[in-house]
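Novice: Turn this into a structure:
(one chain, ligands or ions: 1)
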Amino acid sequence: MTFEEQWNQFVDKCLHCRACDLADSRQHVVVWRGGIRAPLMILGEGPGADEDRLGKPFVGRSGKLLDLLLSSFGFEEKDYHICNIVKCRPPGNRVPTQEEAARCRSLLAEQLRLVRPSVYLLMGGTAYKYFTGSDLGITKVRGQWIETNGCYVLPTFHPAFVLRDPRNKTLLWQDFAAVRARLEELGFLPPLKV
Ligand code: SF4
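Specialist: Reported below is the predicted structural model:
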């Protein structure tokens, strides 16, 4: 089977998934946007109302800020793969439960195997918690690299948090600069022209 066929099969499996209760209230299963096999994976918590309506992650106000950061640091669509811990919207934008995250984990694991990123950017406390299994708060761990299985993981703030409290904007920009530098160091991206 070609890579493209494997990817299409994976997406199809996601679109038909009913492994947790979030399937009952969703409009769309939100799988990803960006490149498919990309060196950077950006992980959020779960789809919000706009994402559920349009079937793509980070397309509301948070997505606009994320896109601004990505373009400011010279990222092209092929460089990143954006997805979430859960692929269906938790009603009322609540945090996904442990069980929902656990049920969606096998799909995420398959996604990681196909995308094969070298750098992960975890956006927000929930993405950090469910991805690493740690209960530490995001303000304690943000900006600190974790090295695991030859990959680099950086927890940072969720753009929605920064929109609510713009004092944290500088830290989010710093983290994007660190991700860009890491990808350059690993040879995935050329030095950024300023
Ligand atoms: S959130 Fe994940 S596990 Fe639950 S129904 Fe959607 S795709 Fe399936």
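Novice: Buried ones in stretch 41-60, by neighbour count?
Specialist: The neighbour-count check on stretch 41-60 (16 or more other Cβ atoms under 10 Å) flags 41-48, 50-52, 54-60 as buried. Placement of C-beta: from N, CA and C, glycine included.
Novice: mean confidence for it?
Specialist: Averaged across stretch 41-60, the pLDDT comes to 97.
Novice: And that stretch, end to end?
Specialist: End-to-end distance of stretch 41-60 (Cα to Cα, to the nearest Å): 19 Å.
Novice: again with stretch 161-173
Specialist: 13 Å.
Novice: Same question for stretch 15-35.
Specialist: End to end - Cα to Cα - stretch 15-35 spans 19 Å.
Novice: Need the residues that contact it.
Specialist: 11, 14, 42, 47, 51-59, 77-84, 86-91, 96, 99-100, 103-104, 107, 111 (Cβ atoms under 8 Å, 6 or more residues apart in numbering).
Novice: Any regions of this structure where pLDDT drops low?
Specialist: For the chain, applying pLDDT under 70 flags no range at all.
Novice: In it, what residue spans correspond to strands?
Specialist: Secondary structure of the chain (DSSP state E): strands at 33-34, 40-44, 80-84, 119-123, 146-148, 151-156.
Novice: Please tell me how far the spatially most central residue of the chain sits from Leu108.
Specialist: For the chain, the residue nearest the mean C-alpha position is Leu43 (1.5 Å; Cα atoms, centre = their mean). Using Cβ to Cβ, to the nearest Å, Leu43 is found at 8 Å from Leu108.
Novice: How about the contacts made by Leu163?
Specialist: Neighbours of Leu163 in contact, by Cβ under 8 Å, 6+ apart: Arg61, Ser62, Leu65.
Novice: Quick check on those: which are buried?
Specialist: For these, buried by 16+ other Cβ under 10 Å: Ser62, Leu65.
Novice: Out of the contacts of Leu163, list just those in helices.
Specialist: Arg61, Ser62, Leu65 (DSSP state H).
Novice: Out of the strands of the chain, flag the one nearest the ligand.
Specialist: strand 80-84 (8.9 Å; Cβ to the nearest ligand atom).
Novice: Each with direction, which strands does that closest one pair with?
Specialist: Using DSSP bridges, strand 80-84 pairs in its sheet with strand 33-34 (antiparallel), strand 40-44 (parallel).
Novice: Just put those in TSV and tack on distance to Pro159.
Specialist: Output for the strands paired with strand 80-84, formatted as TSV (distance: least, Cβ to Cβ, whole Å):
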stretch	distance to Pro159
strand 33-34	15
strand 40-44	9
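Novice: Reformat these as CSV; add distance to the ligand.
Specialist: Formatted as CSV, these follow (distance: least, Cβ to the nearest ligand atom, whole Å):
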stretch, distance to the ligand
strand 33-34, 16
strand 40-44, 13
